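**Student:** Take a look and give me a structure for this.
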Amino acid sequence: MAYPTTTYKESGVDIDIADLFIQRIKPLVKKTERPGVLGGIGHFAGLFVPDLKKYNNPVLCASTDGVGTKLKVAIEMKSLKGLGQDLVAMNANDILCLGADPLFFLDYYATGHLDPDEAVQVVQGMTEACRTIGCSVLGGETAEMPSVYQKGDFDLAGFIVGIVNRGNIIDGSQIAPGDELIGLASSGPHSNGFSLIRKIIADRKLSLKKTYPPLTRPLGDVLLEPTRLYGPLLESFKNEFALKGIVHITGGGLENIVRILPHGCQVIVERKAWPTPPIFDLLKEWGNLTDQEMERVLNLGIGLVMIVSPADVDPILLKLRGQGEKAWRIGRIASRPSNESALKVHR
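**Tutor:** The predicted model follows:
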């Protein structure tokens, strides 16, 4: 008995479209090349020769992350380009916390059905973000899996490798009581808490395309503001000041600060030290969220925290504000009482 001929395309995977997509993104990826890249995308793996002249004791630093359910908001709004920056920033900001310089980045794009126009939007945002931080896109993977993802859905993951001198690693070990916290403004929720945000939107039957006062733009546009890339901003600060700790405020909110505290230290955050952006006040009202829930899920307007000696606070703030940055002294490090948690928030 002869069975009917079956093709990969009939199963939902079109190799020809995937090949055309690769050809479309090659020029975008090419623009991210920095010294050290060998060859281009298309081989089985990427090659990179690091320039070690300024690293007398080099240590590689790596991180991986995704964009999370912010994807669903972007899909509904038909606005995908910002997701590429989100993907890069979530990884690049993490290795920045160790003092590392980015070298190269790889992405993983998984979808039920590859739409080249949509995928190119994401890659365009990703490559532009990598160019901003001086990082090469070394390769990636596009996976078409119709039996795993519903039509219109996709997922993103990113992988970054950086480098830092062992003696320049910022790991929080030098943090001590008396040190102070400087908070740098976020651009919005960044890429965290969107499962909660989307539930609030669904429960309240809110429209992403409607502008809710005091917002001045549609809700969806505010939520999709890309995650900030803090690396270029902090480059000169790493060389000029003794940064004892850098904290990327992501999932876990303000509790992320605790991750780098030495034993016996407590971080005290002054919630009234910076203005809360309107989007967070609205989310709190719409979801009837407690202060504790807000602080452990959302960034509340602070995307990155630097922990420094008291003598460095004013010079750093002066320099930041001179560059047009929004930054505040938001708390301090204290000795931790045995009966208290490592995070204390003064409201």
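**Student:** now for the longest helix anywhere in the chain, which elements pack on it?
**Tutor:** Longest helix in the chain by number of residues, with DSSP state H as the criterion: helix 116-133. Under the contact definition 3 or more CB pairs under 8 Å, 6 or more residues apart in numbering; DSSP states H and E, helix 116-133 sits against helix 15-30, helix 81-96, strand 101-111, strand 136-144, strand 154-165, helix 231-240. Just so you know, the C-beta spots here come from the backbone N, C-alpha and C atoms, and that holds for glycine as well.
**Student:** Highest mean neighbour count out of these?
**Tutor:** Stretch with highest mean neighbour count among these: helix 81-96 (a mean of 26; mean count of other CB atoms under 10 Å).
**Student:** I'd like the average pLDDT over that one.
**Tutor:** What helix 81-96 shows for mean pLDDT is 97.
**Student:** That helix: how far from the chain's middle?
**Tutor:** Here the centre of helix 81-96 is set off from its chain's centre by 4 Å, with CA atoms, centre = their mean, to the nearest Å.
**Student:** Check stretch 259-270 too.
**Tutor:** 23 Å.
**Student:** Any buried residues in it, and which?
**Tutor:** For stretch 259-270, burial by neighbour count (16 or more other CB atoms under 10 Å) applies to Ile260, Leu261, Pro262, Cys265, Gln266, Val267, Val269, Glu270.
**Student:** and the end-to-end length of that stretch?
**Tutor:** The straight-line separation of the ends of stretch 259-270 (CA to CA, to the nearest Å) is 18 Å.
**Student:** Over to stretch 334-344?
**Tutor:** Span of stretch 334-344 from end to end, CA to CA: 10 Å.
**Student:** so which helix or strand takes in the residue lying closest to Met77 once chain neighbours are set aside?
**Tutor:** Closest residue to Met77 apart from its sequence neighbours, by CB to CB, 6 or more residues apart in numbering: Gly220 at 4.2 Å. If you go by DSSP states H and E, Gly220 is part of helix 219-223.
**Student:** how far does that helix sit from the chain's center?
**Tutor:** 17 Å.
**Student:** same deal with stretch 142-152?
**Tutor:** Counting by CA atoms, centre = their mean, stretch 142-152 comes out at 24 Å from the chain centroid.
**Student:** Counting neighbours, which bits of that stretch end up buried?
**Tutor:** Buried-residue list, stretch 142-152, by 16+ other CB under 10 Å: Thr142, Glu144, Tyr149.
**Student:** average pLDDT across that stretch?
**Tutor:** Stretch 142-152 comes out at a mean pLDDT of 88.
**Student:** Find the residue ranges of the stretch 151-300 of the chain scoring beneath the pLDDT cut-off.
**Tutor:** Low-confidence segments of the stretch 151-300 of the chain, defined by pLDDT under 70: none present.
**Student:** just the strands in it please.
**Tutor:** Under the criterion DSSP state E, counting those that start in this stretch, the stretch 151-300 of the chain contains strands at 154-165, 180-185, 245-248, 265-270.
**Student:** Nearest to Gly193, out of those strands?
**Tutor:** Smallest distance to Gly193 across the strands of the stretch 151-300 of the chain (CB to CB): 14.2 Å, for strand 245-248.
**Student:** What is that closest one packed up against?
**Tutor:** helix 81-96, strand 302-308.
**Student:** by how many degrees do the longest one and strand 136-144 diverge?
**Tutor:** What that stands for is helix 81-96. 130 degrees (axes from the mean of the first three to the mean of the last three CA atoms, to 10 degrees).
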